[in-house]
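> predicted model, plus sequence, below.
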Amino acid sequence: MSAQREMKEKNPWHTPATIIITVIGVIAIVALVTVAVLQNKPLPKKYKYGIVLDAGSSHTALYIYGWPAEKVNDTGRVVQVHSCKVKGPGISSYASAPLNAGESLKVCMLEAKDQVPSKRHQETPLYLGATAGMRLLNIENSTASDGVFQAVSQALQTSPFSFQGARIISGQEEGAFGWVTVNYLDDRLKQGLETTGALDLGGASTQISFVSDNYDGSESPKNSVTFRLYGNDYNLYTHSFLCYGKDQVLRMTLAHQTQSGPATVLDPCFHRGYTAIKNYTVLYDTPCVSDRKPQPAPASFNHTGTGDFQECQRVVRNVFNFTDCKYSRCSFNGVFQPSLQGPFGAFSAYYFVMNFLNLTDTSTPLEDVKKKITNYCATPWEQIKEQYPHIKQKYLAEYCFSGTYIITLLTEGYNFTSENYPNIKFIKKIKDSDAGWTLGYMLNLTNMIPAEAPDKPPLPHGGYVSIVTIIAILLFVLIIFSLRPIWPRCSKRPQII
Ligand SMILES: Nc1ncnc2c1ncn2[C@@H]1O[C@H](COP(=O)(O)OP(=O)(O)O)[C@@H](O)[C@H]1O
Ligand SMILES: [Ca+2]
């Protein structure tokens, strides 16, 4: 009894001071964790938006991008939140009725109004960039192109967004911003990883952009764009070939085949059984071919397919000049090109065509790719129409030509070989955002990619709570252990006696 009483008296757990300390300690730990959980909750997310209209030669598309308002420079956090395809042709087709060009954008602009919360409308920048279709119209008839821009600008000014202007973007911008988009979406810029080259095939022009280590830009300065992004310097090679989009190349190959003004053209790039009456004036109505119009020319010709890949490739080769080159190396038409390097993303019409032909898997050897296109071209037109009843016949008739052109451009134009052809990925989207120049264009105009690497991001909320909890538990354990030297001695004393 007396030993028990002694123990009770000497046990520090039972003194009022220790009880108070322990209670205060526990309350402090609970309070600390509660504060960490409640007070440091991330602020409710505020979103910002930006809108870009891609006025291409064949059609216009509207893209809405969104990003959290805070710390946007942190990561590749700008994403495509919506897209809208404008009904009808590209704005350059409205040269003689410009008001209709403005009118054509209305449906997508209404969609954009619904997609962006109304309290953000006023602060949302809206851009329109026009590419090769308008470049060609501007060369052909600058008054007409001015008229189109006036009409679309007027239509866009009436929108609730902050309209920042409509303009033709240069081929260099188109190529460089396509490259920025691909690498931004892939998170390659921020991490300073090896970059991906960009291959963009449009209807009226085509772009190639990539970083090559043995290229410093001095051999052909007009093909060089330098960027400092997230603390890394990039020396980008880029070139845009005007008239080398697939629609203009098709005209050039037809022009090549109609130089003598024949009444019938037997075209190996179209299927056997395909036949259509085509108008000479319409065919030659672009600066890419206008100087080659046969004089005098009949009103129309009979365009008849023979479906022969190898012959088609022979015809397509005629649109390239492989001989003139004043540089150390060239792609074609006397244009400098450094040696190909790294992976490539090929988008827009590259994707549409190769996806249709089931050739997006580039592990398919180049020889097999050619065989598949050969088979497709050799399939009679009636069979093709039956096989693909839901695909627009204009596209359907042209896939043989387009596939042949793509392979010829890549291998003979840009010098891809069977070894590095697998480095090309045919892509439509990267992480739900379309590959194309528009995102890079907006990131640039809104200064969203900093030149220097951003500061290390602060600890996320979850991480902060965990750390405070761990510290609190450690403190608790520490209190227990700090009392241990007194406590065990007291409890063991009766046994010693
Ligand atoms: N589903 C499809 N199949 C084949 N080609 C397509 C498809 N959708 C779009 N295209 C083609 O993609 C090209 C897009 O070019 P576009 O961006 O309008 O021109 P540019 O960039 O030269 O101004 C056009 O040749 C168009 O016909
Ligand atoms: Ca385009």
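That came through fine. Numbers count the residues shown, from 1 in each chain. Ligands and ions are numbered 1, 2, ... in the order given.

> when you work out contacts or count neighbours from here on, use the C-alpha atoms and nothing else.
Will do.

> give me the pLDDT value at F347.
Each residue has a pLDDT score; the one for F347 is 98.

> cool, and I21?
Residue-level pLDDT assigned to I21 equals 66.

> against T446, how distant is the one residue in the stretch 351-497 of the chain that gets nearest to ligand 1?
The minimum distance from the stretch 351-497 of the chain to ligand 1, using CA to the nearest ligand atom, falls at F352 (4.7 Å). Taking CA to CA, to the nearest Å as the criterion, F352 is separated from T446 by 30 Å.

> helix or strand: which one has Q191?
Secondary-structure assignment from DSSP states H and E places Q191 in no helical or strand segment.

> quick one: it from ligand 1, how far?
Between Q191 and ligand 1 the distance, using CA to the nearest ligand atom, to the nearest Å, works out to 30 Å.

> phi first, then psi, for that residue.
Its backbone dihedrals place Q191 at phi -90, psi 0, with angles given as degrees, to the nearest 10.

> any idea how far P454 is from it?
Going from Q191 to P454 by CA to CA gives 11 Å.

> these two: which is more packed in?
Of the pair Q191 and P454, P454 is the one with more neighbours under other CA atoms under 10 Å, namely 16 against 13.

> quick one: pLDDT of the more buried one?
What the model reports as pLDDT for P454 is 72.

> more neighbours: F352 and T446, which one.
Taking neighbours as other CA under 10 Å, F352 and T446 compare with F352 leading, 19 against 10.

> residues contacting that one?
By CA atoms under 8 Å, 6 or more residues apart in numbering, F352 lies in contact with nothing.

> work out for me the element the residue of the stretch 351-497 of the chain closest to ligand 1 sits within.
Using DSSP H and E, F352 maps to helix 349-356.

> for that helix, what is the distance to the chain centroid?
15 Å (CA atoms, centre = their mean, to the nearest Å).

> with just CA atoms, put it into CSV.
Output in CSV follows, covering the C-alpha atoms of helix 349-356 (Å, rounded to 0.1, in the frame of the first residue of the first chain):
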residue,chain,number,x,y,z
ALA,A,349,-4.0,17.5,-93.7
TYR,A,350,-1.0,15.1,-93.0
TYR,A,351,-3.2,13.6,-90.3
PHE,A,352,-6.5,13.7,-92.2
VAL,A,353,-5.0,11.9,-95.2
MET,A,354,-2.9,9.4,-93.4
ASN,A,355,-5.6,8.6,-90.9
PHE,A,356,-8.1,7.9,-93.8
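
> and it, which residues are buried?
Buried residues in helix 349-356, counting neighbours by 16 or more other CA atoms under 10 Å, are found at 349-354.

> export the residues you listed as TSV, with columns for distance to S142.
Rendered in TSV, the data for these read as follows (distance: CA to CA, whole Å):
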residue	distance to S142
A349	27
Y350	30
Y351	32
F352	31
V353	32
M354	35
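
> what's the most distant pair in the residues you listed?
In the buried residues of helix 349-356, two members sit farther apart than any others by CA to CA. They are A349 and M354, at 8.2 Å.

> near ligand 1, which residues of the chain?
56-59, 131-133, 202-205, 245-247, 348-349, 352-353, 395 (CA under 6 Å from any ligand atom).

> which members of those residues are classed as buried?
When neighbours are counted using 16+ other CA under 10 Å, these contain these buried positions: 56-59, 131-133, 202-205, 245-247, 348-349, 352-353.

> for the host helix or strand of Q310, name the packing helices and strands.
In this structure, Q310 sits in helix 309-317 according to DSSP H and E. Counting contacts by 3 or more CA pairs under 8 Å, 6 or more residues apart in numbering; DSSP states H and E, the secondary-structure elements packed against helix 309-317 are helix 246-257, helix 366-378, helix 393-408.

> can you give me how far that helix is from the chain middle?
What separates the centre of helix 309-317 from the centre of its chain is 31 Å, taken as CA atoms, centre = their mean.

> show me what counts as buried in that helix.
For helix 309-317, a neighbour-count test (16+ other CA under 10 Å) marks 309-310, 312-313, 315-317 as buried.

> spatially nearest residue to Y414 (excluding sequence neighbours)?
The spatial neighbour of Y414 that comes closest, neighbours along the chain excluded (CA to CA, 6 or more residues apart in numbering), is S331 at 5.1 Å.

> same question, T238
With CA to CA, 6+ apart as the criterion, T238 has its nearest non-adjacent residue at 4.1 Å, and that residue is S209.

> quick one: the host helix or strand of that neighbour to helix 246-257, angle?
Under DSSP H and E, the secondary-structure element containing S209 is strand 205-211. Relative orientation of strand 205-211 and helix 246-257, computed by axes from the mean of the first three to the mean of the last three CA atoms, to 10 degrees: 120 degrees.

> mean confidence score for stretch 401-416?
Computed over stretch 401-416, the average pLDDT equals 98.

> just the terminal-to-terminal distance for it.
Counting by CA to CA, the length from the leading to the trailing residue of stretch 401-416 is 19 Å.

> and the contacts of that stretch?
246, 250, 269-270, 309, 312-313, 316-317, 320, 322, 331-332, 337, 340, 350, 353-354, 357, 370, 373, 417.

> over to stretch 226-239?
The set of residues that contact stretch 226-239 without belonging to it, under CA under 8 Å, 6+ apart, is 171-172, 175-176, 189-190, 192, 207-212, 215-217, 223-225, 337-338, 449-454.

> any idea of the mean pLDDT in that stretch?
Confidence for stretch 226-239, expressed as mean pLDDT, is 96.

> and it, how far apart are its ends?
Taking CA to CA, the first and last residues of stretch 226-239 lie 14 Å apart.

> show the pLDDT at Q39.
Each residue has a pLDDT score; the one for Q39 is 58.

> if you could redo that for I473, that was the one I meant.
Each residue has a pLDDT score; the one for I473 is 71.

> count of neighbours near it?
Here the neighbour count serves as a burial measure; for I473 (other CA under 10 Å) it reads 15.

> so it belongs to a helix, correct?
Yes. With the criterion set as DSSP: H, G, I helix; E, B strand; the rest coil, the secondary structure at I473 is a helix.

> so where is the stretch 1-150 of the chain shaky, pLDDT-wise?
Of all residues in the stretch 1-150 of the chain, those with pLDDT under 70 make up the ranges 1-14, 18, 21-22, 25-26, 28-29, 31-44, 71-76.

> just the helices in it please.
Taking DSSP state H, counting those that start in this stretch, the helices of the stretch 1-150 of the chain run over residues 2-10, 16-39, 98-104, 106-115, 132-140, 142-157.

> tilt between whatever helix or strand comes next after the last one and helix 132-140?
Spelled out, it's helix 142-157. Sequence order places strand 162-168 as the next helix or strand after helix 142-157, per DSSP H and E. Interaxial angle of strand 162-168 relative to helix 132-140 (the same axes, to 10 degrees): 60 degrees.

> show me what strand 162-168 packs onto, helices and strands only.
When contacts are defined as 3+ CA pairs under 8 Å, 6+ apart, strand 162-168 sits against strand 125-130, helix 142-157.

> for it, what is the average pLDDT?
Taken as a whole, strand 162-168 has an average pLDDT of 98.

> how far away from the center of its chain is the helix or strand following that strand?
Beyond strand 162-168 in the direction of the C-terminus, DSSP H and E gives the next helix or strand as helix 171-185. Relative to its chain's centre, helix 171-185 lies at 7 Å (CA atoms, centre = their mean).
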